[in-house]
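Peer 1: Just a sequence and a predicted model for now, questions to come.
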Amino acid sequence: MLNAKGTTIGVALLLLAGMHGAQAHHSYAMFDGSKTLTVSGTVAKLEWTNPHVFVWIYVPSTKNPGKYDLYAFENGSPNAITKVGWTRDSLQAGDKITVEYSPLRDGRNGGHLTVAKLADGRTLGSVGGLAAAPSFKRPSPAPAEQKP
Amino acid sequence: MNRRLRTLALIALLVGSLGAAADTPPKPGMTWDSLKDLPDFSGWWNLAGFPPLPQIEAMKPQVAAVLRSWSAKTTAGTDPADIDGMKRSYCGPQRFSGFNGGFQDYVEFLFTPGRVTITNELGLIRRIALNAPKPAGREATNTGISVAHWEGRTLVMETSGLDPEMSINEPQRRYPVRIGRNARIVERLSLKEPDVLQIVMQVTAPDLYARPVETTTLYHRDHKHVFQEITNCTANDRAFDGATGRERFDMTPPADLPPPPSK
């Protein structure tokens, strides 16, 4: 059982996640932040747009061998993810990629991106929304932790 | 004393008064020259750490209960619109309820004689009069009425006249909790290090908080940052249905999506 302090901290964490969601535009209720799934595939498109950048990838279908499923992953805004190393040229169509993400609650193929790993060894993270969840692991120091 | 002598005496008195006024140094920040002697807040500032959190432990119990319940439900997956019935609009004006920005965006502090202006890349503009009396009888607004003065190397800003309907987490109006009537925000800005700006903020909001709350927020100066506007006012936003006020995850593929890889 949580004591009063534990409850306060728990609520603060919920608020923190929610607050960052708001800063990043919405509540993130559509994502299951308690789960982290991983898929590997081929980059179809990096949709570099406000208020959210989307990463589209083709993933070999497990149900239909020889076919691909299209996955969509939301990330923060261009401004936000630029702070952790993304650029509009970070991904090119055809790049091999592995994505860790918090899945959509409705079961569709996609979710909120937490970490993207490229074949060349690059690792790119997320800012905003679920990046504030306690389970989120930043791949590199957050901007706030970097000395100017 | 004849008329001529009286005139000369009056002129002498006026010249003397002007001379005395010229000898009085202007208050800090009131002239271009005096700005040079003040701390250097120029450039773009990036939030260090997290924005100031809503201080739930300082809230009035009934307000805190609403917020706790709402947070638990959204975290469990309920759409906010189904909890509080609020149709949210993500394309509203930027507002100030205690956070100048810097999470996704960058913030700048501009100084001109008698005036401080705070802006961020989301479009917030706060106009703060220096060494000026607080004007009375104004309408409550999105950024309130702000006045400021220098206390040594610290800029002290006081804001009131905020729209009581403003959420505690503007600009998104996402929380069903308002800042309420007669809110007053005092910010004390100073350089903790040459490139570290500290804002100590005290919020008094009698409808929301049982007592004044104080937070400290730090910003790092980014000498390399180049201005990049950010907007949530985007047509066809995949994450939000502006017609219903509900959130969504629109998976309509981009029109220019290339075909799947060939085997």
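Peer 2: Looks like it came in fine. Numbers count the residues shown, from 1 in each chain, chains lettered A, B, ... in the order given.

Peer 1: For residue B:116, pull up the helix or strand it's in.
Peer 2: Using DSSP states H and E, residue B:116 sits in strand B:115-120.

Peer 1: Now look at that strand and say if it contacts chain A.
Peer 2: No - judged by CB under 8 Å from any CB of the partner chain, strand B:115-120 stays clear of chain A, getting no closer than 10.2 Å. In short, each C-beta sits where N, CA and C put it, glycine included.

Peer 1: Can you tell me which helices and strands that strand packs against?
Peer 2: Packing contacts for strand B:115-120, counted by 3 or more CB pairs under 8 Å, 6 or more residues apart in numbering or on different chains; DSSP states H and E, involve strand B:107-112, strand B:125-130.

Peer 1: Pull up the pairing partners for that strand, direction included.
Peer 2: Each strand paired with strand B:115-120, and its direction, by DSSP bridges: strand B:107-112 (antiparallel), strand B:125-130 (antiparallel).

Peer 1: which parts of the last one are buried?
Peer 2: If I follow you right, that is strand B:125-130. Neighbour-count burial for strand B:125-130, with 16 or more other CB atoms under 10 Å in any protein chain shown as criterion, is recorded at B:126, B:128, B:129, B:130.

Peer 1: Show me what that strand is in contact with.
Peer 2: B:27, B:29-30, B:94, B:96, B:100, B:114-119, B:143, B:146-150, B:157, B:159 (CB atoms under 8 Å, 6 or more residues apart in numbering or on different chains).

Peer 1: residue contacts, residue B:184?
Peer 2: Listed by CB under 8 Å, 6+ apart, the contact set of residue B:184 reads B:158, B:159, B:160, B:203, B:204, B:205.

Peer 1: for residue A:68, same thing?
Peer 2: When contacts are counted by CB under 8 Å, 6+ apart, residue A:68 touches A:41, A:42, A:58, A:59, A:60, A:61, B:260, B:261.

Peer 1: switch the cut-off to 6 Å
Peer 2: For residue A:68, the contacting residues are A:58, A:61, B:260, by CB atoms under 6 Å, 6 or more residues apart in numbering or on different chains.

Peer 1: can you pull up the bridge partners for it?
Peer 2: Applying DSSP bridges, one finds that residue A:68 bridges with residue A:60.

Peer 1: taking the mean pLDDT, what do you get for the lengthiest strand in chain A?
Peer 2: In chain A, with assignment by DSSP state E, the single longest strand is strand A:37-47. The average pLDDT within strand A:37-47 is 98.

Peer 1: cool, and stretch B:220-228?
Peer 2: Stretch B:220-228 comes out at a mean pLDDT of 94.

Peer 1: ends of it, how far apart?
Peer 2: 17 Å (CA to CA, to the nearest Å).

Peer 1: circling back: only the buried subset of the contacts of strand B:125-130, as a PyMOL command please.
Peer 2: Burial among the contacts of strand B:125-130 is assessed by 16+ other CB under 10 Å; the matching PyMOL selection reads:
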select buried, chain B and resi 29+30+94+96+100+116+118+119+143+146+147+148+149+150+157+159
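
Peer 1: picking up where we left off before, got a markdown table for the helices and strands packed on strand B:115-120, with mean pLDDT too?
Peer 2: Below are the helices and strands packed on strand B:115-120 laid out as a markdown table (pLDDT from 0 to 100):
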| stretch | mean pLDDT |
| --- | --- |
| strand B:107-112 | 98 |
| strand B:125-130 | 97 |
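
Peer 1: residues in the stretch 51-200 of chain B within reach of chain A, list them.
Peer 2: Counting by CB under 6 Å from any CB of the partner chain, the residues of the stretch 51-200 of chain B close to chain A are B:54, B:56-57, B:68, B:71, B:74-75, B:77-80, B:103-105, B:169, B:172, B:174, B:195.

Peer 1: List buried residues within those.
Peer 2: The buried subset of these - by 16+ other CB under 10 Å - is B:54, B:56, B:68, B:71, B:74-75, B:79-80, B:103-105, B:169, B:172, B:174, B:195.

Peer 1: Not counting residues beside it along the chain, what's closest to residue A:124?
Peer 2: Of all residues not flanking residue A:124 in the chain, residue A:116 sits nearest, at 4.6 Å (CB to CB, 6 or more residues apart in numbering or on different chains).

Peer 1: cool, residue A:93 as well?
Peer 2: In space, and not counting its chain neighbours, residue A:93 is closest to residue B:258: 5.2 Å by CB to CB, 6+ apart.

Peer 1: what do you get for residue B:80?
Peer 2: Leaving aside its sequence neighbours, residue B:80 sits nearest to residue A:27 (CB to CB, 6+ apart; 5.1 Å).

Peer 1: For chain A, which segments count as helices?
Peer 2: Taking DSSP state H to define them, one finds helices in chain A at A:4-23, A:78-82.

Peer 1: least reliable of the ones you listed going by mean pLDDT?
Peer 2: Lowest mean pLDDT within the helices of chain A: helix A:4-23, at a mean of 39.

Peer 1: one step back: out of the contacts of strand B:125-130, name the ones that lie in strands.
Peer 2: The strands, defined by DSSP E, take in B:115, B:116, B:117, B:118, B:119, B:146, B:147, B:148, B:149, B:150, B:157, B:159 from those.

Peer 1: Quick check: the second one vs chain A, distance?
Peer 2: Right, the one you point to is residue B:116. Per CB to the nearest CB, to the nearest Å, residue B:116 is found 22 Å from chain A.

Peer 1: same question, the last one
Peer 2: In this structure, residue B:159 and chain A are separated by 20 Å, where distance is defined by CB to the nearest CB.

Peer 1: cool, and the third one?
Peer 2: When distances are taken as CB to the nearest CB, residue B:117 and chain A turn out to be 20 Å apart.

Peer 1: That residue and residue B:110 touch, don't they?
Peer 2: Yes - contact status for residue B:117 versus residue B:110: in contact at 4.3 Å, counting by CB atoms under 6 Å.

Peer 1: show me where the chain has strands.
Peer 2: Defaulting to chain A. In chain A, the segments counted as strands under DSSP E are A:37-47, A:54-60, A:68-74, A:96-103, A:110-118, A:123-124.

Peer 1: switch to chain B, that's the one I care about
Peer 2: Using DSSP E, the strands of chain B run over B:44-48, B:107-112, B:115-120, B:125-130, B:145-151, B:154-160, B:184-193, B:196-204, B:213-222, B:240-241, B:246-247.
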